[in-house]
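*Asks:* Predicted model and sequence below, questions to follow.
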2 protein chains.
Amino acid sequence: MEDASRRADTPRTDDFETGLGAGDGLELRVWLRLLTCSTLIEHGVRHGLHRSFETTLPRFDVLAQLQRAGKPLSMGELSRRLMVTNGNITGLVDRLKNEGLVDRRRSDGDRRVQMVSLEPAGAELFERMAADNRRWVTEMMAGLSREEKESLFALLGRLKSAVLDAGADDGETG
Amino acid sequence: MEDASRRADTPRTDDFETGLGAGDGLELRVWLRLLTCSTLIEHGVRHGLHRSFETTLPRFDVLAQLQRAGKPLSMGELSRRLMVTNGNITGLVDRLKNEGLVDRRRSDGDRRVQMVSLEPAGAELFERMAADNRRWVTEMMAGLSREEKESLFALLGRLKSAVLDAGADDGETG
């Protein structure tokens, strides 16, 4: 009996929204749904990178930022764009360097600064991974209309500004 | 000269969207903006939990899921709701148990299943953390109107369904 009634109530998947009560505010609901969507898409991308390239998302992200920059980035710039602390990417960059995908060398202008650049093999690998990544993300959003995607993009822009402004008020950023 | 022109073009922060080109599709833009928003809010929550409670987000998430469930959860159910693999939460639950915040014991019905429940001390701590968490998330979204938050919530619901449907088509879920 208990099993049957539970099955009827069970959503297709358990996630961060499961068990929210009527008393929980709209902001918390938005945040937990955002986190659920972000985690679902990230799982899809991680799964694809592992299956097709036997690689991980952080490795892909480093190559992506270097390719988008179109120039060498300091370790500090790379960390900021990946929204992680410096220490987290040092080992990652070392391993990519050992595989000949990136290079790391001291800046000519400031010997204290380490500059990371994309090697031709890294650029070539990234292009293949990026093409598949675009396809996976596009497929995951295939159920949304162009208009829905544009509205979502605009509202997420508003959210990003709001969160950055709130952080600035706290004196935590800027 | 280069510095000045770069400053004028530079957004307030570097993030996953930095360096996207005109050729990058709307879906990829939505995904990277979603990831940026999710990471920014997560940073805010992690920062608050560390500053106010000297605790971490995964610990808070475990207590949150147990409180929302209102009943003991198996390790498998807990993992699913947290969208992580079983192995990742075993050590976490052990540490929370050692601090008297949760209990873990074998299910009476099936001795192979470990059930995790919230202890009174864990429930009390969670209530204090949850009140602050609601406040932080509400403050981070203070720049959005009620209507914007409702639209965002609805569109994220559409996105969640789309991603789950795409996964089901692949035979990866359901």
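*Replies:* Perfect, I can see it now.
*Asks:* The longest helix anywhere in chain A close to chain B?
*Replies:* Secondary structure assigned by DSSP state H gives helix A:26-53 as the longest helix of chain A. Yes. Helix A:26-53 is in contact with chain B by CB under 8 Å from any CB of the partner chain, via A:26-31, A:33-44, A:47. Placement of C-beta: from N, CA and C, glycine included.
*Asks:* Also stretch A:133-143?
*Replies:* Yes. Using CB under 8 Å from any CB, stretch A:133-143 reaches chain B at A:133-134, A:137-143.
*Asks:* wait, which of those residues is closest to chain B?
*Replies:* Proximity of the residues of stretch A:133-143 next to chain B to chain B (CB to the nearest CB) peaks at A:Gly143, which lies at 3.2 Å.
*Asks:* Am I right that that closest one is in a strand?
*Replies:* No. Counting by DSSP: H, G, I helix; E, B strand; the rest coil, A:Gly143 is not found in a strand; it is coil.
*Asks:* Which residue comes closest to it once chain neighbours are left out?
*Replies:* B:Ala162 (3.2 Å; CB to CB, 6 or more residues apart in numbering or on different chains).
*Asks:* out of the residues of helix A:26-53 next to chain B, which are buried?
*Replies:* Among those, those classed as buried by 16 or more other CB atoms under 10 Å in any protein chain shown are A:27-31, A:33-44.
*Asks:* A:Gly48: how many residues sit nearby?
*Replies:* Residues near A:Gly48, counting by other CB atoms under 10 Å in any protein chain shown, number 21.
*Asks:* so where does the residue lying closest to it once chain neighbours are set aside fall, helix or strand?
*Replies:* In space, and not counting its chain neighbours, A:Gly48 is closest to A:Trp136: 4.8 Å by CB to CB, 6+ apart. Counting by DSSP states H and E, the element that carries A:Trp136 is helix A:120-140.
*Asks:* for the next helix or strand after that helix, which positions count as buried?
*Replies:* Of the helices and strands lying after helix A:120-140 in sequence (DSSP H and E), the nearest is helix A:146-169. By neighbour count with 16+ other CB under 10 Å, helix A:146-169 contains the buried residues A:148-149, A:151-153, A:155-156, A:158-160, A:162-167.
*Asks:* Fine by me, thanks again.
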